[in-house]
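Peer 1: Below are the sequence and a predicted model for it; my questions follow.
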Amino acid sequence: METHFNFGFTSTLLQARDAQKSRVVRSLSLSDDFIPRHTRDSPQCLPNLESITLSMADSDNDHAHAQPVLKASVHDISYLTTLLRGVNFANRATITATESGFTVTVEEARTLLATAYIFADIFDEYAYHSEVAPSQQSQDDGVDNIAFEIPLNTLIECLNIFGTAGAHSLSTASGAKRWKKQGEDKGSDEEEGEGATNKRGGIAQYFGAGSEKSTGMRLTYEGAGFPLTLLIAEDADGPTTACEIVTYDPEPHLDLQFKPDKMTLKIILKSSWLRDALSELDPSCDKLTFIGNPPPDGAPLAASGRPSRNAEVSRGTSTGKPMLRIHADGTFGSTEMDYPNDRDVLETFECEQSQAMTMLKYSYRTSHITRAIRALQNSTKTSLRIDSEGLMSMQFLMPSPSVRSRAGADAFIEFRCLPLEEAL
Amino acid sequence: MRFRTSISSPQTFFRIIQAIEKLQKKCIIKFSDTEMRVICNNDANEGGIQVWSVIKVDSVFTNYRIQSNANNEITVLLNAEALLSALKSASTTAETADGDDVVLKLAKKNDQAVLCFEINGTTRLGKSMRVSHDVKIEVMKPTDVASLKEPMCPDPDVHILLPPLQKLRTVVERLKPMSDVLAVSASHSGSLKLSISTDSVKLDTEWRNCTIPKMTREPTDRDDENDHDPGKHFPVLVSTRSFLKFLNSHVVSTTTIACICQRHCMILYVYVGDYADAGGVLTFYIPAIIDGDD
């Protein structure tokens, strides 16, 4: 089981995003000013949540050594809930907490493994106290962590107790990023579209910040055998909810190691491109095949600079072979979706071939791949990779709605899926 | 037996029926000189929830005329859904009601007693139209009517003004998939708690600073006892589904007072219209689920 954060794998994703950002920011220097910079200083915490915090701190002092293993609080749970919903397809989830954040892992049919990486900086407060004594810790080679299982659906229902953690509340609360996404959806010219919409998002956020109703949460886990305790409050004079969710000893998960050195296909694209494709699929399709063709000139596209759009299109059409094709087989026929050789669609495309001009082809069960739709819906960018054994890794970048945590890394969700046997 | 009236507020009537429609197929409506009582008392209801409501004639009807051998009372049994669709048509078609647009009367058509709704309205293009709905009814015999009895309850342990029902409903909707049994408890200090406890989750949602209504009745010894510890909670276990059915009355409610009779039942008074000048009140009885621990 993977118990440490997979920073290495994300770095490419993050770099790609940064490159994207810098381009946008240049055209945006004016609108950026609309984003309030004082957010961190403003009192975000809810009054009654604070009082709960205080009373809990008092009880901590009584028995100073019994510090909870995990303690976290956040003033708006909608982002956290979005991340949890992205992997909510099986009821049992394993939470693995470390100092830098925690992961939520869900598995299906010994084939699909989905993990949400939730970094500590999305919380207003995050504290992890190791159960292991420091001396033992040093002997242990891996990253210090604690794992437990919880009923994920129950956790989400509890967080959404006031009906405030829905997708709707995210869309109203998320401001800039959301607008940006809508701009992308329209397929408008990227820089112009994002520039205009980001500006509006910035204003909305500035004015909305004070009146926005958000639900705050405080989470505590005392250690193995203890329940996960949540305190949820909507606003100062509203109701409060306290809940204890039972935890279980973790079961070992599938060990799906993606081998970056044996990577055969790597694509980075806007999540909406993949989401639209997957949501178009007929439910009767049970097999989904990903077909990759190496770029026509043999050299990976990423190596060349950024050729003009027209040149790329003509290059793509001249060979007639799409760089990426998604083929779905069903009872009533088959569907093919082609992604053109265009930097606006496929930001990065790398396809390693051992034998030249043969295409790469792996099949997966549709029901497994479409599990990712919920994560895709709230994601901006997707990195899709397949290694030589056909193991697929999809990483979805989940932009944080709050301006405050923009400095830190955005959380992401990863799906890994084994191919169908016949494809091998 | 004669009955004829104009419905001055079809919207209110519609909402009242909407609030109780989900409870059972058939409901009883008892018209008298001054009041209309809507009763759902079927024991076969999920969780045994009952509704006994009293609506003042003036708050829904005008030109109200009633005559019968049974003390000028007419009691009818009818299908709640059919009544609701007639009222829906009345409240949407005759939105500009000036008093005489919707007429309700008792009639007999082909040997079948019906409540006849005659609606005069205007189409979207401004032309006038007439819509008529007949709702089949069964007129109840006076002996059967006499056997209708409200459930008996002990003096409640606590009265409390509920938060907006819409908010409660959101919370209870989340709880429903998690637990069939809901614990409702309230204290004299104005705290209201909804709790569930299952194998996988324990959850408590608390509203503080709820208003405790002043009771007009004489204080008894028991009240004094309670005053000693205002923080004490009086719990009752009810069926989550029944409670959610009661919460359907959020469409009509402005003020709702809940009473808890520990280990017996929960009574909810839903006031129609303004609390001070209520046009009527729907009373929901939800029997307690007796747990082995109680």
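Peer 2: In hand now; what should we look at?
Peer 1: going on from the helix or strand where B:Val171 lies, what's the next piece of helix or strand?
Peer 2: Taking DSSP states H and E as the definition, B:Val171 sits inside helix B:165-175. Remark: after helix B:165-175, the chain's next helix or strand is strand B:181-187, criterion DSSP H and E.
Peer 1: For whichever residue of the stretch 301-424 of chain A sits closest to chain B, list the residues it contacts.
Peer 2: At 18.1 Å from chain B, A:Arg374 is the closest residue in the stretch 301-424 of chain A, using Cβ to the nearest Cβ. Backbone N, C-alpha and C define where each C-beta goes, glycine included. Counting by Cβ atoms under 8 Å, 6 or more residues apart in numbering or on different chains, A:Arg374 makes contact with A:85-86, A:88-89.
Peer 1: Okay, now the unreliable bits of the chain?
Peer 2: You didn't say which chain, so I picked chain A. A:1-66, A:132-142, A:166-213, A:296-320, A:353-358, A:402-408, A:422-424 (pLDDT under 70).
Peer 1: look at chain B instead
Peer 2: For chain B (pLDDT under 70), the answer is B:43-47, B:94-100, B:216-228, B:274-276, B:292-294.
Peer 1: Pull up the residues of it that are close to chain A.
Peer 2: Within chain B, the positions lying close to chain A (Cβ under 8 Å from any Cβ of the partner chain) are B:163, B:167, B:170-171, B:173-175, B:177-178, B:199-209.
Peer 1: Generate a PyMOL selection restricted to the buried subset of these.
Peer 2: Restricted to buried positions by 16 or more other Cβ atoms under 10 Å in any protein chain shown, the PyMOL selection for the residues of chain B next to chain A reads:
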select buried, chain B and resi 163+167+170+171+173+174+175+178+200+201+202+203+204+205+206+207
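Peer 1: Am I right that the residue of the stretch 301-424 of chain A closest to chain B is in a helix?
Peer 2: Yes: judged by DSSP: H, G, I helix; E, B strand; the rest coil, A:Arg374 forms part of a helix.
Peer 1: Who are the contact partners of the residue nearest to A:Leu418 when sequence neighbours are not counted?
Peer 2: Once flanking residues are discounted, A:Leu418 sits nearest to A:Thr111: 4.7 Å by Cβ to Cβ, 6 or more residues apart in numbering or on different chains. Counting by Cβ under 8 Å, 6+ apart, A:Thr111 touches A:254, A:365, A:368, A:417-418.
Peer 1: same deal with B:Tyr271?
Peer 2: B:253-257, B:278, B:280-281.
Peer 1: at 10 Å what do you get?
Peer 2: By Cβ atoms under 10 Å, 6 or more residues apart in numbering or on different chains, the contact set of B:Tyr271 is B:252-257, B:277-282.
Peer 1: in the chain, which spans are helices?
Peer 2: Let's take chain A. Along chain A, counting by DSSP state H, helices occupy A:7-26, A:47-62, A:78-86, A:134-139, A:152-159, A:167-173, A:176-185, A:190-211, A:271-280, A:309-319, A:366-369, A:373-377.
Peer 1: The chain in question should be chain B.
Peer 2: Using DSSP H, helices in chain B cover B:10-21, B:57-60, B:80-93, B:142-146, B:165-175, B:221-227, B:240-247.
Peer 1: quick one: the first one to chain centroid distance?
Peer 2: For helix B:10-21, the distance between its averaged C-alpha position and the chain's averaged C-alpha position is 9 Å (Cα atoms, centre = their mean, to the nearest Å).
Peer 1: before we move on, back to that, closest to chain A out of the contacts of B:Tyr271?
Peer 2: Checking those one by one against chain A (Cβ to the nearest Cβ), the nearest turns out to be B:Thr256, at 15.5 Å.
Peer 1: so the closest one makes contact with B:Gln166?
Peer 2: No: B:Thr256 sits out of contact with B:Gln166 when judged by Cβ atoms under 10 Å, with a separation of 11.1 Å.
Peer 1: Beta-bridge partners for B:His233, please?
Peer 2: B:Ser187 (DSSP bridges).
Peer 1: Up against chain B, what does the stretch 51-200 of chain A have?
Peer 2: When proximity is defined by Cβ under 10 Å from any Cβ of the partner chain, the stretch 51-200 of chain A lies next to chain B at A:91, A:150-151, A:153-165.
Peer 1: now do 6 Å
Peer 2: A:151, A:154, A:157, A:161, A:163 (Cβ under 6 Å from any Cβ of the partner chain).
Peer 1: which of these tops the neighbour count?
Peer 2: The most crowded member of these, judged by other Cβ atoms under 10 Å in any protein chain shown, is A:Ile161 (24 neighbours).
Peer 1: Pop out the phi and psi values for that one.
Peer 2: phi -60, psi -30 (degrees, to the nearest 10).
Peer 1: Distance of A:Ile77 relative to B:Thr170?
Peer 2: 15 Å (Cβ to Cβ, to the nearest Å).
Peer 1: next one: B:His250
Peer 2: 10 Å.
Peer 1: Export the helices of chain B to CSV and append columns for distance to B:Lys105.
Peer 2: Listed next are these as CSV, based on distance: least, Cβ to Cβ, whole Å:
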stretch, distance to B:Lys105
helix B:10-21, 15
helix B:57-60, 15
helix B:80-93, 13
helix B:142-146, 21
helix B:165-175, 34
helix B:221-227, 48
helix B:240-247, 31
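Peer 1: partner residues bridging the residue nearest to B:Thr211 when sequence neighbours are not counted?
Peer 2: Excluding the flanking residues, the one nearest B:Thr211 by Cβ to Cβ, 6+ apart is B:Leu161, at 4.0 Å. Judged by DSSP bridges, the bridge partners of B:Leu161 are B:Ile257.
Peer 1: what's near enough to touch B:Leu161?
Peer 2: If you count contacts by Cβ atoms under 6 Å, 6 or more residues apart in numbering or on different chains, B:Leu161 has them with B:210-211, B:213, B:257.
Peer 1: Give the buried subset of the residues you listed as a ChimeraX selection command.
Peer 2: Burial among those is assessed by 16+ other Cβ under 10 Å; the matching ChimeraX selection reads:
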select /B:210,257
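Peer 1: and the residue of the stretch 251-400 of chain A found nearest chain B, how many neighbours?
Peer 2: Chain B sits closest to A:Glu251 of the stretch 251-400 of chain A, with a gap of 15.9 Å, by Cβ to the nearest Cβ. Look at A:Glu251: counted by other Cβ under 10 Å, it has 11 neighbours.
Peer 1: So what does it have for phi and psi?
Peer 2: The phi/psi pair for A:Glu251 (degrees, to the nearest 10) is phi -90, psi 150.
Peer 1: out of B:Thr256 and B:Gln166, which sits in the busier spot?
Peer 2: Between B:Thr256 and B:Gln166, counting by other Cβ under 10 Å, B:Thr256 is the more crowded of the two (25 against 12).
Peer 1: Can you give me every residue that contacts the more buried one?
Peer 2: Contacts of B:Thr256 by Cβ under 6 Å, 6+ apart are B:162, B:270.
Peer 1: again, only this time at 10 Å
Peer 2: B:160-165, B:168, B:246-247, B:249-250, B:268-271, B:275, B:281-282, B:284.
Peer 1: wait, doesn't B:Lys214 sit right on B:His159?
Peer 2: Yes: using Cβ under 10 Å, B:Lys214 makes contact with B:His159 at a distance of 9.1 Å.
Peer 1: These two: which has the busier surroundings?
Peer 2: Remark: of B:Lys214 and B:His159, B:His159 carries more neighbours, 18 against 6, as counted by other Cβ under 10 Å.
Peer 1: if we can go back for a sec, now the common contact residues for B:His250 and B:Thr170.
Peer 2: B:Pro164.
Peer 1: any chance you could map the strands in the stretch 251-400 of chain A?
Peer 2: A:263-270, A:287-292, A:324-330, A:333-339, A:346-351, A:360-365, A:381-387, A:392-398 (DSSP state E, counting those that start in this stretch).
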